[in-house]
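Trainee: No letters, just coordinates:
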Ligand code: DC
């Protein structure tokens, strides 16, 4: 049986994970947050006190690491790390770690395996262009940098995970966007067959409804 897949890509703060989670729940699909997987590997590299994070040879540990989603929560080696992967220290290092070819090859393989076992809504930067090129529906979410920074800022404040100011959050977002979209391996890019949605003036519910409608239209439901 071929499972169904919805791929949602876009820059940080475009609303990917919020809407992907709701759509997955509504459709009874598994939600796969690939950004959380790159964050978890960054966390493990830091915990292992790897000195040179830019050296691919230091990432052999990925092969013996178990990454999974339990109730939409990121678990690593059986432990819920969903809170720990949201800290400032992870944010600072995750672009570098996720730009390494070896890290990407290993995690992309794992993401494809996950999509072979269940219907998925998968979000990230390269899902439509690389991980699931034959996804049933590909969405590319965008929003202005100020809207995205505002969302991240409020989210971090609400969760109490960082005391960065709005300006710091915005600067960090711009830094990561530039890094993610100009890196050599699988940069952030809209797939040719992806549908672009600007979420700047839209509520979460409106974005969820639009994507769900597109998916049902596709399935002639
Ligand atoms: O979506 P996020 O902020 O949790 O992603 C964390 C980092 O991981 C982000 O800076 C880019 C990287 N990433 C990636 O390179 N490829 C993906 N498919 C998902 C995330």
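Mentor: Arrived safely, thanks for sending. Computed from a predicted model, the values in this text were never measured in an experiment. Numbers count the residues shown, from 1 in each chain.
Trainee: What residues does the chain have near the ligand?
Mentor: Counting by CB under 6 Å from any ligand atom, the chain comes close to the ligand at 12, 34-36, 38-39, 94-95, 98, 124-126, 176, 180. The way it works is simple: take the backbone N, C-alpha and C, and place the C-beta from them, glycine included.
Trainee: So among these, which ones count as buried?
Mentor: Using 16 or more other CB atoms under 10 Å as the burial test, the residues of the chain next to the ligand include 12, 34-36, 38-39, 94-95, 98, 124-126, 176, 180 as buried.
Trainee: quick one: low-confidence ranges for this structure?
Mentor: Applying pLDDT under 70 to the chain flags residues 1, 221.
Trainee: for it, what spans make up the strands?
Mentor: Here the chain has its strands, by DSSP state E, at 5-9, 30-33, 67-70, 73-76, 79-80, 120-124, 137-142, 195-198.
Trainee: would you list these in TSV and tack on distance to residue 46?
Mentor: Formatted as TSV, the strands of the chain follow (distance: least, CB to CB, whole Å):
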stretch	distance to residue 46
strand 5-9	26
strand 30-33	19
strand 67-70	16
strand 73-76	12
strand 79-80	15
strand 120-124	21
strand 137-142	29
strand 195-198	34
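Trainee: Can you tell me which of these is nearest to residue 216?
Mentor: Checking the strands of the chain against residue 216 by CB to CB gives strand 137-142 as the closest, at 10.0 Å.
Trainee: Determine the set of other helices and strands touching that closest one.
Mentor: strand 5-9, strand 195-198, helix 204-218 (3 or more CB pairs under 8 Å, 6 or more residues apart in numbering; DSSP states H and E).
Trainee: Helices along the protein, start to end?
Mentor: For the chain, helices defined by DSSP state H occupy the ranges 16-27, 34-47, 88-98, 101-117, 145-159, 166-182, 204-218.
Trainee: How far away from the center of its chain is the first one?
Mentor: Between the mean C-alpha location of helix 16-27 and the chain-wide mean there is a distance of 12 Å, by CA atoms, centre = their mean, to the nearest Å.
Trainee: Flag every buried residue along it.
Mentor: Those would be 16, 17, 18, 19, 20, 21, 22, 23, 24, 27, for helix 16-27 by 16+ other CB under 10 Å.
Trainee: ok, residues contacting it?
Mentor: For helix 16-27, contacts defined as CB atoms under 8 Å, 6 or more residues apart in numbering pick out 6, 8-10, 29-31, 33, 35, 72, 119-124, 141, 204, 207-208, 211-212, 215.
Trainee: Mind listing what's buried along stretch 59-78?
Mentor: Buried residues in stretch 59-78, counted by 16+ other CB under 10 Å: 59, 62, 65, 67, 69, 72, 74, 75, 76.
Trainee: Distance to residue 172 for those residues - can I get that in TSV?
Mentor: Output for the buried residues of stretch 59-78, formatted as TSV (distance: CB to CB, whole Å):
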residue	distance to residue 172
59	24
62	25
65	26
67	25
69	26
72	25
74	21
75	26
76	24
